[in-house]
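Asks: Model the following, please.
(one chain, ligands or ions: 1)
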Amino acid sequence: MIDPAPLRAAFSERFGGAPALVATAPGRVNLIGEHTDYCGLPVLPIAIDRATCVAVRPTGDGIVTAVSKQSPREARIARRAPDRQHEPWHRYLAGVLEELAAVAPGRGADILVDSDLPMSGGLSSSSALSVGLAAALTAAWDEPLSGEPLAQLAAAAERRVGVETGGMDQLVITMAEPGHALRIDFLPPATRAVAIPEGLAFVVAASGEDAPKGGAVREAYNERVVGTRIAALMLADMLGVDIEGTPLLGAVAGIDAAVVMVEELPVTMSARSAANAAEANVERLVSLTAAHYDSSKKAPVRAYARHVLSEAERVDVAEAALAGGDFARLGELMNQSHDSLRQDYKCSTPALDRVAAAMRKAGAFGARLTGAGFGGYAVAACSPEAVERVIEAAVAATGGPAFRVVPSGGVSIE
Ligand code: GLA
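Replies: Residues are numbered from 1 along each chain as shown. As a prediction, this is how the structure comes out:
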């Protein structure tokens, strides 16, 4: 974890005066339930013992000046007209400021950011930044936000950067409890802490490939968001179910016949032909906060739906396995999740496959890619005694880094 004391000292050196407060927002590792959140289906992530720290001092001039220890270029953004150009992390700050437009509009801030989370890696450095900024700024402007409203604001800010994120990352970063995973449901919204039993440890390992959400991953991710909506619309049509608004697979997942009907879906389908077939408005399928989607582009909807519906079931079984201390079962489910993400969801890479396989071979109960995929990190569940072996195997497979992560609490302010 970052020590806030040197960060405060660095702030004083840079801005000439102490910060009013420091927000510490952890990264996250999803244990299981991948690419289900934006379908309205459950997830089971943990917050980890690595974080992004945001030191803030409020000012009265309506200008936000932000410096990051990880990047040379400072951001200087007028609150009246947030400018989203420049470096990727500036866009997240601008997104947060746009969402906070109505909060203390005349005020500004000086900000210093530091992080020990790997950037662009699937451990949610972007959500840690967004949540940390939103928590720190609202507290410094005397309108503090926490819990679900904070998570929702950070998620909306990130969608402005172009990835139609489902909300898992921001929720676990705000709501996690030390020593627990967080089961999150979306339809209807609910969270519950799930204790991590003694004797279970987690290791994360880099694939060696960057997966920046604000960059190349954006289009591939959004294609899956729309692809699952197409599948949901078609399944609802086949099952005679009415769904209002955006079609989500979560609206049909509880119907027994849905899993069977998945195999009746077309292999690929465009949003336009789905809208025609189901007599629905195509906008319900393709509308994204800040990105364009080509409604004539075909997506492999059958395979996407197969992954999402099977993954949602695995979340339930994994939660029960955790509660019962059945680590072998948990590991099996993680392996199945990885296979489904590789074969049906097509978001693994050879390096992720390699590092997951190496960790299993070294004695992990199970291993899978974590986060959106397309590169980034894999997570393994193992016994505490196996941690060193699993780390060594991961480093031998991809060059690392690989390290143990400890289930930690959500964002805090001091
Ligand atoms: C990214 C998104 C999350 C979630 C995962 C995939 O991390 O931000 O909302 O969709 O991908 O499970």
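
Asks: This structure: helices as residue ranges?
Replies: Taking DSSP state H as the criterion, the chain carries its helices at 4-15, 88-99, 125-140, 147-159, 168-175, 217-239, 256-261, 271-277, 283-286, 301-323, 327-343, 350-361, 387-398.

Asks: Which one of the ones you listed lies nearest to the ligand?
Replies: Counting by CB to the nearest ligand atom, the ligand lies closest to helix 168-175 out of the helices of the chain; the figure is 4.5 Å. Placement of C-beta: from N, CA and C, glycine included.

Asks: same for the closest one, what does it pack against?
Replies: strand 21-32, strand 44-59, helix 125-140, helix 147-159, strand 180-186 (3 or more CB pairs under 8 Å, 6 or more residues apart in numbering; DSSP states H and E).

Asks: The ones you listed: which one's closest to residue 345?
Replies: Closest to residue 345 of those, according to CB to CB: strand 21-32, at 13.5 Å.

Asks: what's the nearest residue to residue 302 if we skip its chain neighbours?
Replies: Nearest residue to residue 302, sequence neighbours excluded (CB to CB, 6 or more residues apart in numbering): residue 265, at 4.2 Å.

Asks: wait, I meant residue 230
Replies: In space, residue 230 is closest to residue 274, 4.5 Å off (CB to CB, 6+ apart).

Asks: tell me the contacts of the one you found?
Replies: Residue 274 makes contact with 230, 233, 234, 280, 285, 301 under the criterion CB atoms under 8 Å, 6 or more residues apart in numbering.

Asks: If we use 10 Å, what do you get?
Replies: 226-227, 229-234, 237, 247, 265-266, 280, 282, 284-285, 295, 299, 301 (CB atoms under 10 Å, 6 or more residues apart in numbering).

Asks: rewinding a little: the residue nearest to residue 302 contacts residue 301, correct?
Replies: Yes. Contact criterion CB atoms under 10 Å: residue 265 and residue 301 qualify, at 5.6 Å.

Asks: looking at the helices of the chain, which is closest to residue 45?
Replies: Nearest of the helices of the chain (CB to CB): helix 168-175, 4.4 Å.

Asks: what pLDDT, on average, does stretch 151-158 get?
Replies: The average pLDDT within stretch 151-158 is 97.

Asks: check whether it contacts the ligand.
Replies: No. Between stretch 151-158 and the ligand, judged by CB under 6 Å from any ligand atom, nothing touches; the nearest distance is 7.2 Å.

Asks: Please report how far residue 264 lies from the ligand.
Replies: Shown here: residue 264 relative to the ligand, a distance of 26 Å by CB to the nearest ligand atom, to the nearest Å.

Asks: same check, this time on residue 409
Replies: 20 Å.

Asks: Find me the pLDDT at that residue, would you?
Replies: The model's pLDDT for residue 409 equals 98.

Asks: Quick check, pLDDT for residue 215.
Replies: Looking at residue 215, its pLDDT reads 68.

Asks: before we move on, what about residue 71?
Replies: pLDDT recorded at residue 71 is 89.

Asks: Pull the number of nearby residues for the closest residue in space to residue 255 that isn't next to it in sequence.
Replies: Among residues not flanking residue 255 along the chain, residue 239 sits closest, at 5.9 Å (CB to CB, 6+ apart). Residue 239 has 12 neighbours, counted by other CB atoms under 10 Å.

Asks: In contact with residue 239: list those residues for me.
Replies: Contacts of residue 239 by CB under 10 Å, 6+ apart are 252, 255, 257, 258, 261.

Asks: Let me know which of the helices and strands packed on helix 168-175 is the nearest to residue 311.
Replies: The nearest among the helices and strands packed on helix 168-175, by CB to CB, is strand 21-32 at 7.5 Å.

Asks: Now do that closest one and strand 44-59, the angle between them.
Replies: With axes from the mean of the first three to the mean of the last three CA atoms, to 10 degrees applied, the angle from strand 21-32 to strand 44-59 works out at 160 degrees.

Asks: distance of residue 80 from residue 156?
Replies: 19 Å (CB to CB, to the nearest Å).

Asks: Counting neighbours around each, name which of these two comes out higher.
Replies: Counted by other CB under 10 Å, residue 80 and residue 156 do not tie: residue 156 has more neighbours, with 19 against 11.

Asks: Run a quick check on the more buried one versus residue 167, I expect a contact.
Replies: Yes. In terms of CB under 10 Å, residue 156 counts as a neighbour of residue 167; the distance is 9.4 Å.

Asks: returning to what we had before: can I get the buried part of the contacts of residue 274 as one ChimeraX selection?
Replies: Command for ChimeraX that selects the buried part of these, burial taken from 16 or more other CB atoms under 10 Å:
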select :226,227,229,230,231,232,233,234,237,247,265,266,280,282,284,285,295,299,301
